[in-house]
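Trainee: I would like the atomic coordinates for the input below:
(2 chains)
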Protein chains: 2
Amino acid sequence: MPALALHPAAQDLLFREARTANTFTAEPVTDEQVQAIYELVKYAPTAFNQSPLRIVLVRSDEARERFLPLMAEGNRTKTASAPLIAILAADNEFHEELPALLPHFPQAKDLFFADRPVREESAALNATLQAAYFILGVRAAGLAAGPMTGFDFPGAQKEFLDADHTPLMVVNIGHPGDDAWFPRSPRLSYDEVVTAV
Amino acid sequence: MPALALHPAAQDLLFREARTANTFTAEPVTDEQVQAIYELVKYAPTAFNQSPLRIVLVRSDEARERFLPLMAEGNRTKTASAPLIAILAADNEFHEELPALLPHFPQAKDLFFADRPVREESAALNATLQAAYFILGVRAAGLAAGPMTGFDFPGAQKEFLDADHTPLMVVNIGHPGDDAWFPRSPRLSYDEVVTAV
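Mentor: Predicted coordinates:
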């Protein structure tokens, strides 16, 4: 197998040793840490640089109390133990920012994204790419991420977002606690995933 | 801004200096390189470890000739210049592998994924996460990625996939050529993307 250009320690940090955490210590995660993550992962690519990901940090006690009942029961305890809860959402009106984001092709806003259904589909795809970049960014910060889709999507949208923002997932963020993960599950082999024609 | 745990050189390689390439040199990309990428990014998380991403490498002259007319006109020249073209797709029948992928919870296959529409939605979300991991994996290999959604999706599905596999995007892979990219476009500021409640 050819060596990758990425240093093996970075491979471990982002992929091989990083795990989805189910428990967390009480050590807080600061807004400055989240900003450092964002300032790194914002550079990863989206179509037309549309950048539709939006993030709501559920920080205050009041907001956490409002949020926890929206989690699926099996996810509630671990989410309650996370020092920081982030709701990742897609902005379906991302095209309003497009002339600023794509200065060499400002017509893209009207040529490609005039219709809301087209925008919703594009926002979902590209915000999901950005969600993955964000998960790896959390790991790049030396933190553990716990991404989850087991929650009340309409409830989260109503309580924490609006009609223009579609929730994608919730990510618990923190330092892993005791018994933070199951044994690693198997992965598909290369030949099960990749074919050449 | 707090320092990230990830080494700055790795930050540059994956995020800050990496760019979406629009031209490529003739230097080939081997199956061994693609396998090294897969063996790294396969560890990144998906819901229920469902791992729905499938990849078709369009390698032979015959396959490339069949594929290029499916690209949007504006993407055809750069795709023709890429030493390797990969079609990323979501396997909507991923649940067949789930008992092997999630040995501690084999019932997930029938409890959560018995219905095809549920599977399609989950496959799209999770294969898109994996597509982002793959794009960063290409960069981890020291290669440039050119992800694109400007192609004939039904045509690509008919010619290179089947009814159970939904195309997500095409990724050109290679070493960047002359004038490989535009100047970097702006990104949204932290405050435009992240709010705390």
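Trainee: CA atoms for contacts and neighbours, from now on please.
Mentor: OK.
Trainee: quick one: secondary structure of A:Ala145?
Mentor: Following DSSP: H, G, I helix; E, B strand; the rest coil, A:Ala145 is assigned to strand.
Trainee: any idea how far the longest strand seen in chain A is from the chain center?
Mentor: As assigned by DSSP state E, the longest strand anywhere in chain A is strand A:165-174. In terms of CA atoms, centre = their mean, to the nearest Å, the centre of strand A:165-174 is found 6 Å from the chain centre.
Trainee: Indicate whether the next helix or strand after it makes contact with chain B.
Mentor: Using DSSP states H and E, the next helix or strand after strand A:165-174 towards the C-terminus is helix A:190-193. Yes - among the residues of helix A:190-193, A:Tyr190, A:Val193 lie within reach of chain B under CA under 8 Å from any CA of the partner chain.
Trainee: Return the set of buried residues in helix A:190-193.
Mentor: Using 16 or more other CA atoms under 10 Å in any protein chain shown as the test for burial, helix A:190-193 gives A:Tyr190, A:Val193.
Trainee: list the helices and strands that helix packs on?
Mentor: Helices and strands touching helix A:190-193, by 3 or more CA pairs under 8 Å, 6 or more residues apart in numbering or on different chains; DSSP states H and E, are helix B:31-41, strand B:53-58.
Trainee: Return the list of strands paired to the shortest one, each annotated with direction.
Mentor: Same thing as strand B:53-58. Strand pairing for strand B:53-58, using DSSP bridges, gives strand A:194-196 (parallel), strand B:84-91 (antiparallel).
Trainee: so the spatially most central residue of chain A is in which element?
Mentor: Taking CA atoms, centre = their mean, the centroid of chain A lies closest to A:Ala131, which sits 2.9 Å from it. Using DSSP H and E, A:Ala131 falls within helix A:116-140.
Trainee: returning to what we had before: which of the helices and strands packed on helix A:190-193 sits closest to B:Thr195?
Mentor: Closest to B:Thr195 of the helices and strands packed on helix A:190-193, according to CA to CA: helix B:31-41, at 29.8 Å.
Trainee: relative to strand A:84-91, how tilted is the helix or strand where A:Thr77 lies?
Mentor: For A:Thr77, the host element (DSSP H and E) is helix A:73-81. Helix A:73-81 and strand A:84-91 meet at an angle of 120 degrees, taking axes from the mean of the first three to the mean of the last three CA atoms, to 10 degrees as the criterion.
Trainee: Give the buried residues for helix A:73-81.
Mentor: Result for helix A:73-81 [16+ other CA under 10 Å]: buried residues A:Asn75, A:Arg76, A:Lys78, A:Thr79, A:Ala80, A:Ser81.
Trainee: Specify which member of those is nearest to B:Arg66.
Mentor: Closest to B:Arg66 out of the buried residues of helix A:73-81 is A:Asn75 (46.7 Å), distances taken as CA to CA.
Trainee: Give the burial count for A:Asp178, as a bare number.
Mentor: Other residues near A:Asp178 come to 10 when the count uses other CA atoms under 10 Å in any protein chain shown.
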